[in-house]
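Asks: build me a structure from this.
(one chain, ligands or ions: 1)
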Amino acid sequence: MSRILDGKEVSASVKAKVAAEVEALKNEGIGVGLAVILVGDDPASKIYVANKKKACEATGIKSFEYILDENATEAELISLIETLNSEKSVNGILCQLPLPGHINEQAVIAAISPNKDVDAFHISNVGKIMIGNFDFLPCTPAGIIEILDYYGIEIAGKNCVVIGRSNIVGKPMAMLLLHRSGTVTVCHSKTVNLKEITRTADILVSAVGKAGFVTADMVKPGAVVIDVGINRENGKLCGDVCFDEVSRVADSITPVPGGVGPMTIAMLLKNTVTAAKRQNGR
Ligand code: NAD
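Replies: Numbering: from 1, shown residues only. Modelled structure (predicted):
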């Protein structure tokens, strides 16, 4: 059986460091604050926002919540963001995605000050990640690197295969693995002979969003398997990976729930502390 890479344990260690840094900043008279904006009442988004608030409270970060009506206009949302951009007590701004269809997500992301863009979605932060000179890393991929580091899993020189090429997971994941000197292949919905490629992976990251997508025959014996997927099957939360069969082949594996998920919020808190430090010349 594979070793379980426990995201709850790793996220607890990140949160403990965040809490200590928040405390140290407080002692210097610097408060740390995160504004979270939710538009509409999508049930999954509501849960994410509530979890973020709870995590802020647990680490001493002040959370400011803004809930806008489903019919709020793009102009209203951007105007709120502009106010928060110049609000000193707000160090980070997060606008929960997805937004309702009548709002242009890219325009909203572009309105967030890059210094407060703790999701690292602003093109200026995306560009910085590309050249490897960044303050903020996108939370999910950064959380995965944190898991690999925590368990002493070497990336340099390893064959890393990422399934999925989204802007929030697949692409930045590939870039972070590349920064750590992995040999990276990105697969997607048009990839031919997917199985042949995934079987070359020493580190396999699946960010597809389909339950049961990664089967044991797609995994090289002894590989490290990271499951980013969040899916519901018969009301039960599961990832992309067929956990039971793959855990017989892989060396190490992240479970769902309790793997990558908890890391995303922990890294958001870490980015918020970084933002507070930078805004106060630290
Ligand atoms: P997305 O829908 O934007 O991207 C999915 C990717 O999968 C696409 O790039 C697509 O090319 C690829 N894909 C689809 N079918 C494929 C196939 N047959 N073969 C190979 N590739 C295929 O999704 P996303 O936003 O990147 O999220 C992916 C999954 O990760 C979702 O389940 C999402 O809920 C989850 N997620 C989890 C966290 C977390 O904190 N754990 C964070 C973000 C996203």
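Asks: the ligand versus residue 254, what's the distance?
Replies: Noted for residue 254: a distance of 9 Å to the ligand, by Cβ to the nearest ligand atom, to the nearest Å. Every residue, glycine included, has its C-beta placed from N, CA and C.
Asks: oh sorry, the question was meant for residue 205
Replies: Residue 205 is 10 Å from the ligand, by Cβ to the nearest ligand atom.
Asks: what residues does that residue make contact with?
Replies: 144, 160, 161, 162, 163, 164, 173, 177, 226, 228 (Cβ atoms under 8 Å, 6 or more residues apart in numbering).
Asks: quick check: next helix or strand after whichever strand or helix holds it?
Replies: In this structure, residue 205 is located in strand 203-206 according to DSSP states H and E. Helices and strands here follow DSSP H and E; after strand 203-206, the next one along the chain is strand 224-227.
Asks: could you tell me how far that following strand lies from the centre of the chain?
Replies: The chain centre lies 15 Å from the centre of strand 224-227; the measure is Cα atoms, centre = their mean, to the nearest Å.
Asks: that strand: partners in the sheet, and parallel or antiparallel?
Replies: Strand partners for strand 224-227, identified by DSSP bridges, are recorded as strand 203-206 (parallel), strand 252-253 (parallel).
Asks: so which elements touch the following helix or strand past it?
Replies: Later in the chain than strand 224-227, the nearest helix or strand by DSSP H and E is strand 231-233. Applying 3 or more Cβ pairs under 8 Å, 6 or more residues apart in numbering; DSSP states H and E, one finds that strand 231-233 makes contact with strand 236-238.
Asks: give the contact list for the residue in the stretch 1-150 of the chain positioned nearest to the ligand.
Replies: Residue of the stretch 1-150 of the chain nearest the ligand, by Cβ to the nearest ligand atom: residue 140 (4.1 Å). Contacts for residue 140 (Cβ under 8 Å, 6+ apart) come out as 168, 169, 173, 207, 228, 260, 263, 264, 267.
Asks: reformat these as JSON lines; add pLDDT, distance to the ligand and secondary structure.
Replies: Compiled in JSON lines, the contacts of residue 140 are given as follows (pLDDT from 0 to 100; distance: Cβ to the nearest ligand atom, whole Å; DSSP: H, G, I helix; E, B strand; the rest coil):
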{"residue": "168", "pLDDT": "94", "distance to the ligand": "5", "secondary structure": "coil"}
{"residue": "169", "pLDDT": "97", "distance to the ligand": "4", "secondary structure": "coil"}
{"residue": "173", "pLDDT": "98", "distance to the ligand": "9", "secondary structure": "helix"}
{"residue": "207", "pLDDT": "98", "distance to the ligand": "4", "secondary structure": "coil"}
{"residue": "228", "pLDDT": "98", "distance to the ligand": "4", "secondary structure": "coil"}
{"residue": "260", "pLDDT": "98", "distance to the ligand": "4", "secondary structure": "helix"}
{"residue": "263", "pLDDT": "97", "distance to the ligand": "7", "secondary structure": "helix"}
{"residue": "264", "pLDDT": "96", "distance to the ligand": "4", "secondary structure": "helix"}
{"residue": "267", "pLDDT": "98", "distance to the ligand": "9", "secondary structure": "helix"}
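Asks: perfect, I'm done here.
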